[in-house]
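In: Sequence unavailable; structure follows:
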């Protein structure tokens, strides 16, 4: 789906009516590619999201408080706190109706005028803060000089807008040959929508398909099937709200799934559902997600940052594992090299100067040993002995290292599950802290901490209607605590089979546990796992005494035995209550 210039024009007109003369009260970075503003205007608190991530770049209001999701303050954020926080919004404007660049003109009571430029131009999207003279204070993404850079975006340089689009304007510009140029354009071979995208400024594929549908009755119509007058009329109708208002923002559903959004009544696909504003449509599409009906994640920024750290850790471990596979000696390689060295020493006196190979008759086969002309036989044999010893050491060390890397990758599976199931900021921070504490993703300039108990948090405690207590570990360290610090050896222990998830303990202390309670605990273990919401999940159940830590493993990594397996749905039983 495309956040195009026409969508931005609709958003800018909405923001003009809602935010002008409002005061910016707070500035945050929900993630490393976004800036959020809290604005008090017209006796209402508004939250404006400027997101530059590809392909999710957008500008719109949201109906929830934007939260900090980036650890530490970037240079741009520090400057926004100084020059934007406390400033009034004097104007919201679009650089040009065909460009995806918006400007917020600010006036600070102490620091004077500034301009916040939001560029939504694909992978080059950016947020730029200018002073009153148009000089860059700083950018979300700095662009230094290079052969590929179209312009400089650095503090202290005069701001240059993105290169303008080329092509026909999407409305009659008053020139005498406008109609003739458009007629020539639509005579080109290929789909009409592709012709419009390449030849008309400000056209996204979505908008171009709607023009084709309105002009020809089909979104995939050929350009040569189009009447130029019908194309002009469709373009004029779609772009008229830029000058006259009358937007029709809404969402598009296809086969019951949320497919897209538009600032006009979109016809060429699915069912169009009007919304009260363009911001509402964008928020529902980007923050709720296609096909979903859930509230937006207020911790999406921090969650995304930790997910990126996990991804980088996994990539690093995977590279190390692949490198080990190339370094591991083949079976018998060291022994074969040592045998060659022994024969080389034994037959050194028989080797003639300049000889390039020594053939040893072993009866059933001939052992051929290449000779190095730059080394004497004795020196070459000594070198081969050293190489054999190195290979022998590698044959011992590399399998151990490979096992450790594989265990760390398994542990990352657990941390990824912990992150996906985390419901609040402390739970997300606990995953981030665990990455640092284990050294899997040490913070820059800091040594990994030796423990992460401060971020561990308390396990979830549940109780059945007849009084059975169930403990649930919701991250790796909580799992370790539930299993080895808070439980009795005769308690019942549950964990989803072959997937990362919670350690769940029924506080039974050897008493017989009713099957309905065991099933409830198994469902809890399935729910707090990577298998959440699946209908049939195998869960292992055993006495806690049969669970042991993996030697040298990370927190929560265990072996278990003498288990039984229950297959349960991964949903929480209604009968459980907080303890």
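Out: Received it, and whenever you're ready, just let me know what you need. In this text, all values refer to a predicted model and were calculated from it rather than measured experimentally. Numbers count the residues shown, from 1 in each chain.

In: Ramachandran angles for the closest residue to residue 138 other than its chain neighbours?
Out: Take residue 138 and drop its neighbours on the chain: the residue closest to it by Cβ to Cβ, 6 or more residues apart in numbering is residue 76, 4.5 Å away. In this view, the C-beta of every residue, glycine as well, is placed from N, C-alpha and C. Here is the backbone geometry of residue 76 (degrees, to the nearest 10): phi -60, psi -40.

In: Wait, residue 76 touches residue 126, no?
Out: No - in this structure, residue 76 is not within contact of residue 126 by Cβ atoms under 8 Å, at 9.9 Å.

In: between the two, what contacts are shared?
Out: Both residue 76 and residue 126 are in contact with 139-140, where contact means Cβ atoms under 8 Å, 6 or more residues apart in numbering.

In: For residue 59, give me its contacts.
Out: 8, 11, 48-51, 102, 118, 120.

In: one step back: run a quick neighbour tally on the residue nearest to residue 138.
Out: By the criterion of other Cβ atoms under 10 Å, residue 76 has 22 neighbours.

In: Could I get the contacting residues of residue 84?
Out: Contacts of residue 84 (Cβ under 8 Å, 6+ apart): 24, 27, 37, 106, 108, 114, 116, 129.

In: Mind putting these into a markdown table with secondary structure?
Out: Below are the contacts of residue 84 laid out as a markdown table (DSSP: H, G, I helix; E, B strand; the rest coil):
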| residue | secondary structure |
| --- | --- |
| 24 | strand |
| 27 | strand |
| 37 | strand |
| 106 | strand |
| 108 | strand |
| 114 | strand |
| 116 | strand |
| 129 | strand |
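
In: so after the longest helix along the chain, what's the next helix or strand?
Out: In the chain, taking DSSP state H as the definition, the longest helix is helix 377-421. Using DSSP states H and E, the helix or strand that follows helix 377-421 towards the C-terminus is helix 425-437.

In: who touches the next helix-or-strand element following that next one?
Out: Toward the C-terminus, helix 425-437 is succeeded by strand 460-463 as the next helix or strand (DSSP H and E). Residues outside strand 460-463 that contact it (Cβ under 8 Å, 6+ apart) are 469-472, 474, 524, 576-579.

In: Give me the contact list for the next helix or strand after strand 460-463.
Out: For strand 460-463, the following helix or strand on the C-terminal side (DSSP H and E) is strand 469-472. When contacts are defined by Cβ under 8 Å, 6+ apart, strand 469-472 is touched by residues 459-464, 478, 482, 486-487, 502-507, 520-521, 524-525, 528, 576, 579.

In: now do 7 Å
Out: The contact list for strand 469-472, computed with Cβ atoms under 7 Å, 6 or more residues apart in numbering, reads 459-463, 482, 486-487, 502, 504-507, 521, 524, 528, 579.

In: hang on, residue 185 packs against residue 197?
Out: No - counting by Cβ atoms under 7 Å, residue 185 does not reach residue 197; the two are 11.3 Å apart.

In: show me what contacts the residue nearest to residue 138?
Out: Per Cβ under 7 Å, 6+ apart, neighbours of residue 76: 129, 138-140.

In: Does anything pack onto the longest helix of the chain? Which helices or strands?
Out: Identification of packing neighbours for helix 377-421 by 3 or more Cβ pairs under 7 Å, 6 or more residues apart in numbering; DSSP states H and E yields helix 300-327, helix 333-346, helix 425-437, helix 476-484.

In: can you rerun that using 6 Å?
Out: For helix 377-421, the packing partners by 3 or more Cβ pairs under 6 Å, 6 or more residues apart in numbering; DSSP states H and E come out as helix 300-327, helix 333-346, helix 425-437.

In: Could I get the buried residue list for the shortest one?
Out: When burial is assessed from 16 or more other Cβ atoms under 10 Å, helix 425-437 yields the following buried residues: 427-437.

In: With adjacent residues omitted, what lies nearest to the most centrally placed residue in the chain?
Out: Nearest residue to the geometric centre of the chain (Cα atoms, centre = their mean): residue 304, 5.3 Å. The shortest distance from residue 304 to any non-neighbouring residue, by Cβ to Cβ, 6+ apart, is to residue 31 (5.0 Å).

In: next one: residue 94
Out: Nearest to residue 94 is residue 12, by Cβ to Cβ, 6+ apart, at 4.7 Å.

In: name the element the one you found belongs to?
Out: If you go by DSSP H and E, residue 12 is part of helix 5-19.

In: Show residues contacting that helix.
Out: 39, 41, 59-60, 89, 92, 94, 97-100, 102, 202, 207, 242, 247, 263, 277-278 (Cβ atoms under 6 Å, 6 or more residues apart in numbering).

In: For residue 61, grab phi and psi.
Out: Dihedral angles of residue 61 (phi, psi; degrees, to the nearest 10) stand at phi -80, psi 150.

In: Do I have it right that it meets residue 279?
Out: Yes - here residue 61 reaches residue 279: they are 4.0 Å apart, a contact under Cβ atoms under 6 Å.

In: Give me the more crowded residue out of those two.
Out: Set residue 61 next to residue 279 and count neighbours by other Cβ under 10 Å: residue 279 wins out with 25 against 21.

In: Tell me the secondary structure at the more buried one.
Out: helix.

In: Check the burial of residue 342 by counting its neighbours.
Out: Other residues close to residue 342 by other Cβ under 10 Å number 14.

In: Then residue 475?
Out: Neighbours around residue 475, by other Cβ under 10 Å: 30.

In: OK, contacts around it?
Out: Contacts of residue 475 (Cβ under 6 Å, 6+ apart): 418, 430.

In: how far is the worst-scoring helix or strand of the chain on mean pLDDT from where the chain is centred?
Out: Ranking every helix and strand in the chain by mean pLDDT, DSSP states H and E puts strand 577-578 at the bottom, with a mean of 81. Strand 577-578 has its C-alpha centroid displaced from the chain centroid by 33 Å (Cα atoms, centre = their mean, to the nearest Å).

In: go on, stretch 138-150?
Out: 23 Å.

In: Kindly report the same for stretch 363-375.
Out: Using Cα atoms, centre = their mean, the offset of stretch 363-375 from its chain centre is 56 Å.

In: Now do the end-to-end distance for that stretch.
Out: With Cα to Cα, to the nearest Å applied, stretch 363-375 spans 28 Å between its terminal residues.

In: who touches it?
Out: Residues contacting stretch 363-375 (Cβ under 6 Å, 6+ apart): 340, 355-360, 380.

In: Try it again at 8 Å.
Out: 339-340, 343-344, 351, 354-360, 377, 380, 383.

In: What separation is there between the residue nearest to residue 94 and residue 524?
Out: As judged by Cβ to Cβ, to the nearest Å, residue 12 and residue 524 stand 49 Å apart.

In: More neighbours: those two, which one.
Out: Between residue 12 and residue 524, counted using other Cβ under 10 Å, the more crowded position is residue 524 (27 against 21).

In: you'd agree the more buried one is up against residue 505?
Out: No - using Cβ under 8 Å, residue 524 is not in contact with residue 505, being 10.2 Å away.

In: Need the overlap of contacts for those two.
Out: With Cβ under 8 Å, 6+ apart as the test, residue 524 and residue 505 both reach 470, 494.

In: coming back round to it: for the helices and strands packed on helix 377-421, which one ends up most surrounded?
Out: helix 425-437 (a mean of 22; mean count of other Cβ atoms under 10 Å).

In: hey, where'd the helices end up in the stretch 101-250 of the chain?
Out: 178-185, 192-199, 205-216, 228-244 (DSSP state H, counting those that start in this stretch).

In: Counting neighbours, which bits of the third one end up buried?
Out: Neighbour-count burial for helix 205-216, with 16+ other Cβ under 10 Å as criterion, is recorded at 206-216.

In: now the first one
Out: By 16+ other Cβ under 10 Å, the buried positions in helix 178-185 come out as 182-183, 185.

In: same question, the longest one
Out: Buried positions in helix 228-244, judged by neighbour count with 16+ other Cβ under 10 Å: 228, 230-232, 234-235, 238-239, 241-242.

In: Pop the domain breakdown of this structure in here.
Out: Under the assignment automatic domain parsing, the domains of the chain span 5-139, 178-246, 300-455, 457-578.
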